[in-house]
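Undergrad: Prediction below, plus the sequence it came from.
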Amino acid sequence: MSRYSIFELARHALTGHRHWPRAWRDAAPKPAYDAVIIGGGGHGLATAYYLAKEHGIRNVAVLEKGWLGGGNTGRNTTIVRSNYLLPANAHFYEFSLKLWEGLSSELNFNVMFSQRGVINLAHSDAQLDAFARRGNAMRLHGIDAELIDREAVEALVPILDTSERARFPVYGGLLQRRGGNARHDAVAWGYARAADRLRVDIIQNCEVTGISRDGSRVSGVETTRGSIKAGKIGIAVAGHSGHVAAMAGLRLPIESHLLQAMVSEPLKPMLDTVVSFGAGHYYVSQSDKGELVMGGDLDMYNSYAQRGNLPIIEEVVAAGVQLFPIMSRLRLMRHWAGVMDMTMDGSPIIGKLPLDGLYFDGGWCYGGFKATPASGWVFAYTIAQDRPHALNEAFTLERFASGHLIDEKGAGPMPNAH
Ligand SMILES: Cc1cc2nc3c(=O)[nH]c(=O)nc-3n(C[C@H](O)[C@H](O)[C@H](O)COP(=O)(O)OP(=O)(O)OC[C@H]3O[C@@H](n4cnc5c(N)ncnc54)[C@H](O)[C@@H]3O)c2cc1C
């Protein structure tokens, strides 16, 4: 398979771009693999890539019930940042951000990572104090953070209503300049192509329907395309975590909830940072196509349906208009939803499950897109070495029994309070 480069682009231009090779093979399932990864989202594909690249385990299959990136990977609002307070999250997400910074060249695929900055707005003195604390913690962890005042916010986001008349006046914000966006489905495609180059089998339209066991050890999976034996099995299925873990007789502290996203009609460039509202749950950025990409809170009921309801759309749009009155005459163009894997403390679970050979990566709540590279990297390490890496050793399943929760926002054990 050829490398993407300016020379390849020029060469294919001569023949009208009609002869580009497939980005990855359409592999058929083999009877047995050293490792099977369930779920062809960003996390599953990244795991397979790092298993092959970092650990030399190449007899690997990624099994996806639909199409690559058709789950939350292709449905998110693409925000990438590492502005976390607690050490476990801060180190993990900063490692991820560092991987993002070199990802397009690592994968030889343009994931359109744009470090346009992420601003969290503060709307009270107390909130500004909390941001100062978080910013200081980030700096102590070696992560860039700037506490900025209202004038600086105004200079960065001129379309924001920073007047005293605003429904929630802006007091300042916490800025992470290295944060930003990436093109979400390119991340899935880039990892798939890079894993395929290392001979990983990427198998779409292959739903896992059962996990077979041999005593206390897993031995393979049942799928809609037949039985497959596996030395090790990694689960990376996001909103379907509970469903797939139940195939191995396990019940996880995870609930599936809906999260919606929406885009406006396309506009000329007007917003070149990511802005998140501190007085409610709302975040917005402008895509390269000109659409304003927005999201808010969960729909607040459990579901496996990939569509949401109107009240949340109204809430998101109302928050947008409060912050940016300029949006009031905009039309909403599309909206959709994904199934979120919400843990009880808002932080992920990455590690071994209580059956030999079975590993789990999930519970990403609102934030798993930015985690994709690090999640794949540490999950591959955990599967290959049969033990966690220092970066994911706190993200155990056992923390819910031992009480060592990683409750970043102090929101307690309720997904709907996050
Ligand atoms: C609307 C929305 C906005 C978001 N915004 C952000 C954001 O701005 N920033 C951020 O960091 N995160 C965000 N997220 C979260 C982020 O998208 C996810 O945490 C992340 O993409 C999860 O990736 P994944 O690979 O684990 O899951 P997915 O991409 O969902 O992949 C899991 C795959 O497993 C497959 N699968 C399920 N069951 C089976 C089975 N039995 N057999 C085979 N395959 C199976 C599914 O079809 C799916 O393709 C958002 C999510 C949503 C829904």
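TA: Sure thing, it's come through.
Undergrad: which stretches of the stretch 1-150 of the chain form helices?
TA: Shown for the stretch 1-150 of the chain, the helices assigned by DSSP state H, counting those that start in this stretch span residues 6-13, 42-55, 87-101, 103-107, 125-140, 150-156.
Undergrad: right, and those - which one's nearest the ligand?
TA: Distance to the ligand, taken as CB to the nearest ligand atom, is lowest for helix 42-55 among the helices of the stretch 1-150 of the chain, at 3.5 Å. Every C-beta, even on glycine, is put in place using the N, C-alpha and C of the backbone.
Undergrad: Quick check: buried residues in the closest one?
TA: Buried residues in helix 42-55, counted by 16 or more other CB atoms under 10 Å: 42-53.
Undergrad: coming back round to it: so which of the helices of the stretch 1-150 of the chain has the densest surroundings on average?
TA: helix 42-55 (a mean of 28; mean count of other CB atoms under 10 Å).
Undergrad: before we move on, what SS does Lys232 have?
TA: Secondary structure, DSSP: H, G, I helix; E, B strand; the rest coil: Lys232 is strand.
Undergrad: Spit out the contact partners of the closest residue to it other than its chain neighbours.
TA: Leaving aside its chain neighbours, Lys232 sits nearest to Ala35 (4.4 Å; criterion: CB to CB, 6 or more residues apart in numbering). Counting by CB atoms under 8 Å, 6 or more residues apart in numbering, Ala35 touches 48, 51, 57, 59-61, 230-234, 383.
Undergrad: Please pick the buried ones from the residues you listed.
TA: Neighbour counting with 16+ other CB under 10 Å marks 48, 51, 57, 59-61, 230-234, 383 as buried within the contacts of Ala35.
Undergrad: would you turn these into a markdown table with distance to the ligand?
TA: Shown next, in a markdown table, are the buried ones among the contacts of Ala35 (distance: CB to the nearest ligand atom, whole Å):
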| residue | distance to the ligand |
| --- | --- |
| Ala48 | 11 |
| Leu51 | 15 |
| Ile57 | 19 |
| Asn59 | 19 |
| Val60 | 15 |
| Ala61 | 11 |
| Ala230 | 13 |
| Gly231 | 18 |
| Lys232 | 16 |
| Ile233 | 11 |
| Gly234 | 11 |
| Ile383 | 15 |
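Undergrad: Let me know how buried the residue in the stretch 201-350 of the chain positioned nearest to the ligand is, in neighbour terms.
TA: Residue of the stretch 201-350 of the chain nearest the ligand, by CB to the nearest ligand atom: Gly338 (2.4 Å). Number of residues near Gly338 (other CB atoms under 10 Å) recorded here: 24.
Undergrad: Looks like it contacts Gly69 (just checking).
TA: No. Gly338 lies out of contact with Gly69 (CB atoms under 8 Å); the separation is 11.3 Å.
Undergrad: Would you confirm that Ile211 belongs to a helix?
TA: No. Read with three-state DSSP, Ile211 is strand and lies in no helix.
Undergrad: What are the neighbouring residues in contact with it?
TA: By CB under 8 Å, 6+ apart, Ile211 lies in contact with 218, 220-222, 233, 244, 247-248, 358.
Undergrad: Quick one: low-confidence residue ranges for the stretch 51-200 of the chain.
TA: By pLDDT under 70, the stretch 51-200 of the chain has no low-scoring segment.
Undergrad: need the residues of the stretch 151-300 of the chain near the ligand, please.
TA: Within reach of the ligand by CB under 6 Å from any ligand atom, the stretch 151-300 of the chain has these residues: 207-208, 236-238, 240, 244, 259-261, 295.
Undergrad: if you set the cut-off to 8 Å instead, what comes out?
TA: Within the stretch 151-300 of the chain, the positions near the ligand by CB under 8 Å from any ligand atom are 184, 188, 206-209, 223, 236-240, 243-244, 247, 258-261, 283, 295.
Undergrad: Which one of the helices of the stretch 1-150 of the chain lies nearest to Asp26?
TA: With CB to CB, the closest approach to Asp26 among the helices of the stretch 1-150 of the chain belongs to helix 42-55: 15.1 Å.
Undergrad: so what's Pro373 up against?
TA: 46, 96, 99-100, 103.
Undergrad: again, 6 Å this time
TA: 96, 99-100 (CB atoms under 6 Å, 6 or more residues apart in numbering).
Undergrad: Chain neighbours aside, what residue packs nearest to it?
TA: Closest residue to Pro373 apart from its sequence neighbours, by CB to CB, 6+ apart: Leu99 at 3.5 Å.
Undergrad: Next, count neighbours for the nearest residue to Ile326 once chain neighbours are set aside.
TA: Excluding its sequence neighbours, the residue lying closest to Ile326 (CB to CB, 6+ apart) is Ile159, at 5.2 Å. Counted with other CB under 10 Å, the neighbours of Ile159 add up to 14.
Undergrad: please renumber so the chain begins at 118
TA: Got it, first residue is 118 now, which makes that one Ile276.
Undergrad: about what we covered before: between the helices of the stretch 118-267 of the chain, which one is nearest to Lys487?
TA: helix 204-218 (6.1 Å).
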